[in-house]
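In: Got a predicted structure here, sequence first:
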Amino acid sequence: MFKILFDIMLGMVSTVIQIICWPLNAIIEAALPDLSSQILTVTSTFSTVFDAIAWATGLIPQPVIVTLTFILLLEIAKHTIFKSTHSLLKVWNVFQKIKFW
C-alpha cells in the first residue's frame, strides 16, 4: 500500500517538474543548433580525410606499411613500459618513505 502511494506521489512530482521545466527546455532546444546536422558534417569530413589517407597509403607497398606499423607499435610499447616503470618506481619510493609499522 505504501509503495503504491509512494509511486503515485513520485509520478505527480515528476509531472509537475516536467511542466515547470518545459519552457526552459523549449528555449534551450530552439537556441542550440541541430546536433544531428553537425554530427553529419563532422562525420563526412572525417570520411573525406580517411579516403584521402587510404588513397595515399595505396601508393606505398604493403611490406613497407607492415614494417612501419610494427616499428610504430614497438615504439609505443617501449615508451609505455618506460613511463609505467618510472611511475612504479616513484610510487615504490613513496611507499618506502611512509612508515606503516
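Out: Noted; the coordinates are in hand.
In: now the helices for this structure?
Out: Using DSSP state H, the helices assigned to the chain run over residues 2-31, 35-57, 62-97.
In: got those helices as a markdown table, with mean pLDDT and mean neighbour count columns?
Out: C-betas here are computed from N, CA, C, even on glycine. Rendered in a markdown table, the data for those read as follows (pLDDT from 0 to 100; neighbours: other C-beta atoms under 10 Å):
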| stretch | mean pLDDT | mean neighbour count |
| --- | --- | --- |
| helix 2-31 | 88 | 9 |
| helix 35-57 | 84 | 10 |
| helix 62-97 | 93 | 10 |
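In: list the contacts for residue 9?
Out: Remark: with contacts taken as C-beta atoms under 8 Å, 6 or more residues apart in numbering, residue 9 is in contact with nothing.
In: That one and residue 19, how far apart?
Out: Distance of residue 9 to residue 19, given as C-beta to C-beta, to the nearest Å: 16 Å.
In: Could you do residue 1 as well?
Out: 28 Å.
In: just residue 11 next, same as before
Out: When distance is defined by C-beta to C-beta, residue 11 is 13 Å away from residue 19.
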